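In: task: produce atomic coordinates for the following.
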Amino acid sequence: MTKEWTLRAVRADDAPGIARHRYHRSEPEYDVDAYAAWLPMRIERGTYIGFVAEAAGRVVGGAGAVLLDWGPTRGEASGTRARIVNVFTDAQWRMRGIAKALVGEVMATCTESGIRVFNLAASAEGAHLYRSLGFKPYADEMILRCHEPATLDQKPR
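Out: All right, here's what the predicted structure looks like:
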């Protein structure tokens with residue numbers, strides 16, 4: 001059986017589409033625009049590794065990793081970690097192995113450059129995919145979103 005889709009590395013001009021994948025649940029347009037503006041430089045610098053799946057000349061899925069300067073940690077001396085982000089497949093293209101192939105390609109590319117630690121936030125819908133790739137639940141994360149931009153000398157209230 002021939003695959004109906006192919007993978008290719010992302011380019012800077014893919015940024016608007018990647019932003020739409022990231023914010024596909026009716027988030028504010030300014031979030032989409034900000035991410036689309038932020039991404040091209042990261043793609044060009046190599047701190048965003050991503051791939052898209054194409055079928056019949058259009059993008060039907062994508063996945064990426066933001067490379068984080070995390071610093072050396074227990075058991076991992078490289079100091080760089082990859083956060084898997086923007087995993088998305090158009091509804092009519094799901095259940096064909098596209099997301100698994102995309103995430104696998106992102107991880108293989110990162111691994112080739114020496115990255116050995118990957119993390120992500122998984123939805124209930126996507127958790128089975130990540131488990132199939134070897135991801136395991138990790139300690140609960142916490143987040144704080146300050147609504148007013150903090151300056152360097154301010155402390156969170």
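In: pLDDT weak spots in this structure?
Out: Residue ranges of the chain with pLDDT under 70: 1-2, 148-157.
In: let's go with 80 and repeat that
Out: Residues of the chain meeting the criterion pLDDT under 80: 1-2, 24-28, 74-76, 139-141, 143, 145, 147-157.
In: against residue 52, how distant is residue 102?
Out: Between residue 102 and residue 52 the computed distance is 8 Å (C-beta to C-beta, to the nearest Å). Backbone N, C-alpha and C define where each C-beta goes, glycine included.
In: so which residues of the protein form strands?
Out: When secondary structure is read from DSSP state E, the chain shows strands at 6-9, 48-55, 58-69, 80-89, 118-119.
In: now the first one: buried residues?
Out: Spelled out, that is strand 6-9. By neighbour count on 16 or more other C-beta atoms under 10 Å, the buried set for strand 6-9 is residue 7.
In: note down every partner strand of it and its orientation.
Out: strand 48-55 (antiparallel) (DSSP bridges).
In: ok, the third one next?
Out: Strand 58-69 has the following sheet partners, assigned by DSSP bridges: strand 48-55 (antiparallel), strand 80-89 (antiparallel).
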